[in-house]
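**Student:** give me coordinates for this.
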Amino acid sequence: MKRHGVGALNVSNIAREVGITRQTFYRYFDNVEMLCHSAINSVGDGIIFRVSRHLQKYKTPAERAVESLIFMYQEIPKDRLLVEIFFGVTPPKQVVDIVFSPASLKSAAEDAAQILFVDKREGVSSEHLREITELMVRLLWSLLTIPNPQFKDENYLRALLKTWVGIPVQVLFGDR
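**Tutor:** From the prediction side, this is the model:
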């Protein structure tokens, strides 16, 4: 993925690059999309770990939502695979389908619950958590792929996100 881009992936190329047969590939993955999903989740787990460490000093779900977006906005451009996913001229349909699949959004909502300190046992709606997670992922994708010089000003970006992400998160999940 890093060498040839996500759009150029197919089983034959992967098998040749890795030095395995197509049959061996199919022992581990049903298709290229499963491999992509696994790779994206693996990279995503790394950034989730880093963002969780970064967010330790923030206490409310609203602060954590805003600061997680700022952190990822700054960190994603440093990772080659994530750059390919977010900054490809046109993200391949398979990548968009994977990132916004029900399984990926469910996984992202679980990560968001951890990041935002939201506990479903406290009466938090799973649907609200999934919806705010999807909006945050779509917003992050937009921030990364449609450059605006004002976003380089961290104070401007933080104020924007406090209004349009922080307030809804606070309304949905309170100050916990």
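**Student:** tell me the confidence at residue 58?
**Tutor:** On pLDDT, residue 58 comes in at 94.
**Student:** next up, phi/psi of it, please.
**Tutor:** Here is the backbone geometry of residue 58 (degrees, to the nearest 10): phi -100, psi 130.
**Student:** what's near enough to touch residue 32?
**Tutor:** Contact analysis of residue 32 by Cβ atoms under 8 Å, 6 or more residues apart in numbering lists 9-11, 14, 94. Just so you know, the C-beta spots here come from the backbone N, C-alpha and C atoms, and that holds for glycine as well.
**Student:** measure it to residue 93 for me?
**Tutor:** 12 Å (Cβ to Cβ, to the nearest Å).
**Student:** quick one: end-to-end distance for stretch 95-111.
**Tutor:** One end of stretch 95-111 to the other measures 19 Å (Cα to Cα, to the nearest Å).
**Student:** count of neighbours near residue 160?
**Tutor:** 19 (other Cβ atoms under 10 Å).
**Student:** mean confidence score for the helix or strand harbouring it?
**Tutor:** Counting by DSSP states H and E, the element that carries residue 160 is helix 154-161. Taken as a whole, helix 154-161 has a mean pLDDT of 95.
**Student:** from the contact counts, what lies against that helix?
**Tutor:** Where contact means 3 or more Cβ pairs under 8 Å, 6 or more residues apart in numbering; DSSP states H and E, helix 154-161 is packed against helix 61-75.
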